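Student: What would the 3D arrangement of this be:
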Amino acid sequence: MSNDFEIDRCVCFDLRFEDLKRKLDERPATIDQIAKRFGCGSCCGLCRPYIERMLETGETVFTEILHNGDAEPSSDGATRRG
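Tutor: Purely as a prediction, here's the structure:
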C-alpha cells in the first residue's frame, strides 16, 4: 500500500523544507534558531518533527506522519519513538 500524500513544507509559513534546507546549508541552525529566523516551528508546531528529521537525515519530503518526540528512522526503515 503506497502513501498518497507528501509533507514537504511548513504550512503556517508556506516554506518548503527543501528551501529551508538550502538556507541552512549556507548558515546552519538549531530547531529553536530556525523558529526565530524563519518562523517554522513557532506557530502550530506540526512541522517541528519534520524539521528535526530534516536536520538529522537531510530528508525534505515525508510520506509518514511524524509527531513531536519521533526519532530518526532506524537502519531497517522503521521509526523509533522517543
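Student: Going by C-alpha atoms from here, please, whenever you check contacts or count neighbours.
Tutor: Fine.
Student: neighbouring contacts of the helix or strand Gln33 falls within?
Tutor: For Gln33, the host element (DSSP states H and E) is helix 31-38. For helix 31-38, the external contacting residues (C-alpha atoms under 8 Å, 6 or more residues apart in numbering) are 40-42, 48, 51-52.
Student: try it again with 6 Å
Tutor: 41-42 (C-alpha atoms under 6 Å, 6 or more residues apart in numbering).
Student: Quick check: buried residues in that helix?
Tutor: Within helix 31-38, the residues scored as buried using 16 or more other C-alpha atoms under 10 Å are 31, 34-35.
Student: Ok, stretch 40-59 next?
Tutor: Buried residues in stretch 40-59, counting neighbours by 16+ other C-alpha under 10 Å, are found at 40-42, 45-55, 59.
Student: Show me where this structure has its helices.
Tutor: Assigned by DSSP state H, the chain shows helices spanning 17-26, 31-38, 48-57.
Student: Tabulate those (a markdown table), appending mean pLDDT.
Tutor: A markdown table is the format used below for the helices of the chain (pLDDT from 0 to 100):
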| stretch | mean pLDDT |
| --- | --- |
| helix 17-26 | 96 |
| helix 31-38 | 96 |
| helix 48-57 | 96 |
